[in-house]
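1. got a sequence here, can you build the structure:
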Amino acid sequence: QVQLVESGGGSVQAGGSLRLSCAASGRTFGNYAMGWFRQDPGKEREFVVRISRSGSTTLYADSVKGRFTISRDNAKNTVYLQMNSLKPEDTAVYYCAASASRVVTTIARGYDYWGQGTQVTVSS
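-> Presented below is the predicted three-dimensional model:
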């Protein structure tokens, strides 16, 4: 089992920045690729970004490319999401997720463990 706890969400004006953190506990953090997803009420959970086990490879959704940056610190069992130039359409609950699979995936069912989510609200 891997337990994931997100933090860092909040409210910000358009153009602002937030930094999300996801702290992991349980099994060896470095054995899992990590991802961030987001979800608006009534919509499907949307892939945002993925980072490989070592942190050497990342994959971003087109909608956030150039604005969001994922990183991880395996010594601290933590993954981060730096979000800059935020837009109202970035408003959602953001979830971090861990994947034991070595297949690079952007779909939610490819991830084995999920955090409880943290709300991000961007006002215009």
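2. need the strands for this protein, in chain order.
-> 2-7, 10-13, 18-26, 33-39, 46-51, 58-60, 68-73, 78-83, 92-99, 113-114, 118-123 (DSSP state E).
3. parallel or antiparallel, list what pairs with the shortest one.
-> Counting by DSSP bridges, the strands paired with strand 113-114 are strand 92-99 (antiparallel).
4. can I get the CA coordinates of the partner strand in PDB?
-> Extracted C-alpha coordinates of strand 92-99, given in PDB (Å, rounded to 0.1, in the frame of the first residue of the first chain):
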ATOM      1  CA  ALA A  92     -10.300  21.700 -10.400                       C
ATOM      2  CA  VAL A  93      -9.500  19.200  -7.600                       C
ATOM      3  CA  TYR A  94      -6.000  18.000  -8.200                       C
ATOM      4  CA  TYR A  95      -5.000  14.500  -7.400                       C
ATOM      5  CA  CYS A  96      -1.700  12.800  -7.200                       C
ATOM      6  CA  ALA A  97      -1.400   9.200  -8.100                       C
ATOM      7  CA  ALA A  98       1.200   6.400  -8.100                       C
ATOM      8  CA  SER A  99       1.700   3.800 -10.800                       C
END
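5. got the angle for that strand vs strand 118-123?
-> Here strand 92-99 points in a direction 140 degrees away from that of strand 118-123 (axes from the mean of the first three to the mean of the last three CA atoms, to 10 degrees).
6. now do the buried residues in strand 92-99.
-> Within strand 92-99, the residues that qualify as buried are 92, 93, 94, 95, 96, 97, 98, 99, counting by 16 or more other CB atoms under 10 Å. Using the backbone N, CA and C atoms, a C-beta is placed for each residue, glycine as well.
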